[in-house]
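starting from these lines, generate the structure:
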Amino acid sequence: MPLIAPSSYQPPVYLRGGHLQTIVPSLFRKVSVNYVRERIDTPDHDFLDLDFSLFTLNSSLKPLIILSHGLEGDSSRPYLAGMVQHLNRSGFDCLAWNFRSCSGEMNRQARMYHVGETGDLHHVVQYAVQQGYKTISLLGFSMGGNITLKYLGEHGRAGTLHPALKRAVTFSVPLDVTTSATRLEAWDSMVYNRRFQRSLKAKIGQKAGALPPALAASDWQRARTIRQFDDLITGPLHGFSGAEDYYTKNSSLPFLPDISIPTLVVNAKNDPFLSPECLPETLARELTNVWMEFPASGGHCGFMDRRGGLNGTYWSEKRAVQFLTQDFS
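Numbering: from 1, shown residues only. You can find the predicted model right below:
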């Protein structure tokens with residue numbers, strides 16, 4: 001499968017550089033989506049909050065897109081809500097699920113979510129199938145993209161992917177989590193690093209009483225980077241020995257060759273979250289079912305269209321619909 005360089009991509013001339021292309025849409029884009037929330041129970045007696053936005057009522061015969069947000073995101077983030085809005089206009093039902101602890105209410109169990117947690121996504125897929133949807137695609141941003149790709153690779157390798165799953169699209173994916181964590185420790189990206197670890201610390205503070213004693217007693221409050229926090233909390237809390245074990249086992253890059261449905265990965269070359277290892281051009285030319293695009297611009301979950309402006313339809317939204325409706329026969 002050849003690497004694709006999208007000729008239609010037009011970087012916004014009024015936003016120069018990956019940082020502005022990341023920050024401006026995140027802070028200033030306004031998108032309103034009328035979600036209908038459903039809460040479902042998980043097998044371990046926790047819950048997930050699912051936000052539906054339907055093309056029409058009683059529309060389970062329509063294709064459904066299941067959307068996964070990024071680290072410390074939720075269904076209301078502009079990058080995700082904008083995608084839902086455009087997908088609805090294009091005839092798709094949407095299910096934007098919120099990771100554990102991300103829906104506005106803290107989850108019940110000590111565990112939360114992590115960069116390779118695919119069990120909850122599988123539970124959401126099963127729930128969608130139970131609602132009568134027969135054509136389902138997955139769409140993920142950043143961490144949600146890594147979870148999506150790892151999930152598809154796991155089930156493709158095992159031959160257990162549900163036949164209702166037809167396509168997948170991902171943007172700004174840390175395909176190699178270890179080197180992406182290193183990229184976030186660079187001087188120009190530490191602002192994102194600090195923001196994430198402050199948010200995660202606040203959540204752990206809320207549920208410190210539910211943590212295993214050894215983790216609660218660790219120096220997690222002194223962590224200054226995501227890597228340090230993951231080494232002390234995220235990794236051990238979810239069964240890994242530390243950050244390196246956690247990152248290595250949950251990077252989606254090794255799972256890409258096992259993906260069995262048409263899948264698109266779009267990573268911008270100026271993304272301040274991603275390492276060069278997340279732009280694997282050699283591998284991209286060898287994959288059977290995965291299309292990879294590495295535009296020069298776009299930032300992290302940005303991808304504005306110069307003709308649409310801040311609050312218009314973004315290039316990523318148009319590209320997703322193009323791929324989801326493309327004939328691969």
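
all contacts plus neighbour counts: C-alpha atoms, from now on.
Fine.

lowest-confidence helix or strand of this structure?
Least confident helix or strand, the chain: helix 213-216 with a mean of 89, by mean pLDDT, DSSP states H and E.

show me what it is in contact with.
Residues from elsewhere that reach helix 213-216 (Cα atoms under 8 Å, 6 or more residues apart in numbering): 208-209, 232-233, 236-237.

top of these by neighbour count?
Ile233 (26 neighbours; other Cα atoms under 10 Å).

for it, what are its contacts?
By Cα under 8 Å, 6+ apart, the contact list for Ile233 reads 215, 220.

one more pass at 10 Å, please.
111, 200-201, 204, 211, 214-216, 218-220, 223, 227, 240, 242-243 (Cα atoms under 10 Å, 6 or more residues apart in numbering).

out of these, which is nearest to Pro276?
Arg227 (18.3 Å; Cα to Cα).

give the other helices and strands that the host helix or strand of that closest one contacts.
Per DSSP states H and E: Arg227 is located in helix 226-229. Using 3 or more Cα pairs under 10 Å, 6 or more residues apart in numbering; DSSP states H and E, the elements in contact with helix 226-229 are helix 177-184, helix 190-206, helix 243-250.

turn those into CSV, including mean pLDDT and mean neighbour count.
Output for the helices and strands packed on helix 226-229, formatted as CSV (pLDDT from 0 to 100; neighbours: other Cα atoms under 10 Å):
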stretch, mean pLDDT, mean neighbour count
helix 177-184, 97, 21
helix 190-206, 94, 16
helix 243-250, 98, 19
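
of all those helices, which lies closest to Gln126?
Across the helices and strands packed on helix 226-229, Gln126 has its closest neighbour in helix 243-250 (21.9 Å, Cα to Cα).

what does the helix or strand that the closest one is followed by rub up against?
Using DSSP H and E, the helix or strand that follows helix 243-250 in sequence is strand 263-266. Applying Cα under 10 Å, 6+ apart, the external contacts of strand 263-266 come out as 4-6, 137-141, 145-146, 149, 152, 166-173, 175, 256, 279, 284, 288-295, 298, 301, 303, 316, 319-320, 323-324.
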